[in-house]
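>>> fold the following and give me the result.
(4 chains)
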Number of protein chains: 2
Amino acid sequence: MSTKERILDAAERLFAEQGFAGTSTRAITTAADANLAAVNYHFGSKESLIDAVFTRRLEPINRQRLEWLDRLEATGQPSLEEILEAFLAPPLRVHQDPVEGKSLLHVAQMIGHATSRPDSRIKDRLIQQFDTIIERFTAALARQLPELEPAQLLWRFLFLIGSMAHTMAISQDIKRFTRGLCDPHDVEGLIRTMVPYAAAGFRAPVAAGSGHPK
Amino acid sequence: MSTKERILDAAERLFAEQGFAGTSTRAITTAADANLAAVNYHFGSKESLIDAVFTRRLEPINRQRLEWLDRLEATGQPSLEEILEAFLAPPLRVHQDPVEGKSLLHVAQMIGHATSRPDSRIKDRLIQQFDTIIERFTAALARQLPELEPAQLLWRFLFLIGSMAHTMAISQDIKRFTRGLCDPHDVEGLIRTMVPYAAAGFRAPVAAGSGHPK
DNA sequence: GTCTATAGGTGGATAGAC
DNA sequence: GTCTATCCACCTATAGAC
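Predicted structure coming up:
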C-alpha cells in the first residue's frame, strides 16, 4: 500500500476518534508508518488532507444513491418506501460491510465533528458533497407526497437525516445503551426498521398550525 | 458576574464553535476577561471545566422533562403524543429562548463534539446525565405501545433522539439548507411538526423480519 | 519520494508574589 | 482570588541532504 493510502487510512481513524484539532499530523504519520513530512508532501496541508479523507468515502456512496434513484425513476414513479431505501441503504450497507465498515463509521464520526463546528471551511466543503443528493431526493419525495407542504417535507427530511446520522455515529454504543436488545450489525434489519418508521412519519397528517404560525 | 460564571459562559461558546481540543484555556480566559490561571484555580483542569459546562445546562432541562412526565403520569396513562412532547419540548423551548437560546445551541453542538468522539471520558460522563431520562421515557413509551417489541421501541427512540439532536445541532444552517422555507426559530411550530412525525413512526407496523433475523 | 533537523509557535499547568 | 513569569511538551510547516 502506498504512503498516501496509509496516511488516508490512519487519518480517517484518528480524525474520527479524536477530532481534527485533537489529531496531530505527527500522530497520523506515526500511525501510518510514514515520515513526518509526508502529509505536507502528499496533501499540501492538514486541511486538504481532511478534504481528501471525506471525498474518498462519500463520493462512491452518493453516486450509488443517485444511480439507485435513477433506476427507480426509469421504471415509473417510485414508492415512498423505495425512495427512502435508495437514500438509506447505500450508507448503511457500507457502514456494516466487514471490510469497509469501519471506514464509514469513521466518516460518520468525522461528519459529526465537522457539523458540530458551526463556522469551519471544512463544513462548507462537506455540505457541497451533498448538494445534488438533497435536491434529487427532496424532488422525488415531493412528487410522491404532493399534498405535503414544502416546509413540512423539508422538516421531515431533516428528521430522517438526523435519525440516520445519529444511528451511524453512535453505532458502537447502541449495544450498551439498549442492553444488547438492538444489534447495529444487522443492517438489513435496521433498514427494515428505519424505512417504515420514516415512511409513516412522512405520511403523518400535519398538526394544526405546524410551521405556519401566520 | 463572577469570574467563574464568565469562564463558564466563554467556555460554552468556544467549545461549541471550535470543539474541545480546538479551544485553548488561553482563549477561554481571554474571552472571559479573566486571568490565564483562573481556569485551573476554579475548576482544577480543562476537563473538569467541560463537565461543569455540560452540567449547568443539562441538569435543569432533564429535571423539567422528568417533572413533566411525573405530572402526566399522576393523572393516568399519558398519550403517545404527550410523552413525546414531555421529552422534546423542554430542550427545544430553551433552545429557542431569546435569553438562554444560544446557550443550548452551544450545548447541542458540544454534545455533537462529545458523541462524535468514541472513546472519551467526557462522553461517558455525559451519557450518565441521561440515564434516568432514557429509563423513564422508554418505560412510559412501552406502556403506551405494549404490542411493540422492546428492540423496535428502542430503535425508534434512538431515531427520535437523532432527529431532535440533529435539528438542534444544525439549527443555524436550516434556513440556508431549506432556502428559508423552514424557520428554526418557530419552536412551537417545530414541536407540532416533530411530535406527529415521531408518533406516526412509533405507531408504524413492523416490517417482516425487522431486527429479528433469526 | 523520503529522510533529518529545526524553526517558530502554542498548548496546559504551576509556582510564588501580592 | 488574582496576577506574572515560566516550564516544558507538543504542534505545523519547511529547508535541504539523500
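>>> quick one, longest helix in chain A?
Assignment by DSSP state H gives helix A:46-74 as the longest helix of chain A.
>>> in terms of secondary structure, what does it contact?
In this structure, helix A:46-74 makes packing contacts with helix A:3-18, helix A:25-31, helix A:38-43, helix A:80-96, helix A:101-116, helix A:121-128, helix A:131-144, judged by 3 or more Cβ pairs under 8 Å, 6 or more residues apart in numbering or on different chains; DSSP states H and E. C-beta here means a position set from N, CA and C on the backbone, and glycine is covered the same way.
>>> report the buried residues of it.
Using 16 or more other Cβ atoms under 10 Å in any protein chain shown as the test for burial, helix A:46-74 gives A:46, A:49-54, A:57-58, A:61-62, A:64-66, A:68-69, A:72-73.
>>> tell me the angle it makes with helix A:131-144.
For helix A:46-74 against helix A:131-144, the angle by axes from the mean of the first three to the mean of the last three Cα atoms, to 10 degrees is 30 degrees.
>>> re the thing from before, can I get the helices and strands packed on helix A:46-74 in CSV with distance to B:Tyr41, mean pLDDT and mean neighbour count?
CSV is the format used below for these (distance: least, Cβ to Cβ, whole Å; pLDDT from 0 to 100; neighbours: other Cβ atoms under 10 Å in any protein chain shown):
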stretch, distance to B:Tyr41, mean pLDDT, mean neighbour count
helix A:3-18, 28, 95, 21
helix A:25-31, 31, 95, 17
helix A:38-43, 38, 96, 18
helix A:80-96, 45, 94, 21
helix A:101-116, 29, 87, 23
helix A:121-128, 34, 86, 14
helix A:131-144, 48, 96, 16
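>>> returning to that earlier point: quick one: mean pLDDT for the longest helix of chain A?
The average pLDDT within helix A:46-74 is 96.
>>> what does stretch A:202-211 give?
For stretch A:202-211, the per-residue pLDDT averages 80.
>>> one step back: distance to DNA strand C for the helices and strands packed on helix A:46-74 - can I get that in TSV?
Output for those, formatted as TSV (distance: least, Cβ to the nearest atom of the strand, whole Å):
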stretch	distance to DNA strand C
helix A:3-18	4
helix A:25-31	8
helix A:38-43	4
helix A:80-96	28
helix A:101-116	17
helix A:121-128	18
helix A:131-144	31
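>>> compare the ones you listed and report which one is nearest to chain B.
Within the helices and strands packed on helix A:46-74, the stretch nearest chain B is helix A:101-116; the backing value is 3.2 Å (Cβ to the nearest Cβ).
>>> now do stretch A:70-85: distance from first to last residue.
Using Cα to Cα, to the nearest Å, the end-to-end distance of stretch A:70-85 comes to 13 Å.
>>> what does it rub up against?
The contact list for stretch A:70-85 (Cβ atoms under 8 Å, 6 or more residues apart in numbering or on different chains) reads A:69, A:86, A:137, A:140-141, A:143-145, A:160, A:191, A:194-196, A:198-199, A:202-203.
>>> now swap in stretch A:49-63 and tell me
A:7-8, A:11-12, A:15, A:20, A:25, A:28, A:39, A:43, A:90-91, A:94, A:103-104, A:107, A:110, A:122, A:125-126, A:129-130, A:132-133.
>>> which residue does chain A have closest to DNA strand D?
Distances between chain A and DNA strand D by Cβ to the nearest atom of the strand are smallest at A:Ser24, namely 3.0 Å.
>>> neighbours around that residue, how many?
As a burial measure, A:Ser24 scores 15 neighbours (other Cβ atoms under 10 Å in any protein chain shown).
>>> look up how far B:Ala74 lies from it.
54 Å (Cβ to Cβ, to the nearest Å).
>>> need phi/psi at A:Ala37.
phi -80, psi -10 (degrees, to the nearest 10).
>>> burial count for it?
Using other Cβ under 10 Å: A:Ala37 sits among 10 other residues.
>>> list the contacts of whichever residue of chain A sits closest to DNA strand C.
Nearest residue of chain A to DNA strand C (Cβ to the nearest atom of the strand) works out as A:Asn35 at 2.8 Å. A:Asn35 makes contact with A:Thr29, according to Cβ under 8 Å, 6+ apart.
>>> from B:Ala86, how far out is it?
On the measure of Cβ to Cβ, A:Asn35 and B:Ala86 end up 56 Å apart.
>>> do A:Leu145 as well
29 Å.
>>> same deal with A:Ala142?
In terms of Cβ to Cβ, A:Ala142 sits 32 Å off from B:Ala86.
>>> also A:Ser2?
55 Å.
>>> you'd agree A:Tyr197 is up against B:Ala204?
Yes - with contact defined as Cβ atoms under 8 Å, A:Tyr197 reaches B:Ala204; the gap is 5.6 Å.
>>> of those two, which one has the most company?
A:Tyr197 (28 against 21).
>>> quick check: closest non-adjacent residue to that one.
B:Gly201 (4.0 Å; Cβ to Cβ, 6 or more residues apart in numbering or on different chains).
>>> what's the answer for A:Ile174, then?
A:Pro184 (4.5 Å).
>>> stretch A:87-98 close to chain B?
No - against chain B, stretch A:87-98 shows no contacts by Cβ under 8 Å from any Cβ of the partner chain, the least distance being 11.3 Å.
>>> how about stretch A:163-173?
Yes - Stretch A:163-173 reaches chain B (Cβ under 8 Å from any Cβ) through A:163-167, A:169-170, A:172-173.
>>> need the residues you listed in CSV (columns: pLDDT and neighbour count).
Formatted as CSV, the residues of stretch A:163-173 next to chain B follow (pLDDT from 0 to 100; neighbours: other Cβ atoms under 10 Å in any protein chain shown):
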residue, pLDDT, neighbour count
A:Ser163, 98, 28
A:Met164, 97, 24
A:Ala165, 93, 22
A:His166, 92, 24
A:Thr167, 94, 24
A:Ala169, 87, 26
A:Ile170, 87, 24
A:Gln172, 85, 13
A:Asp173, 87, 15
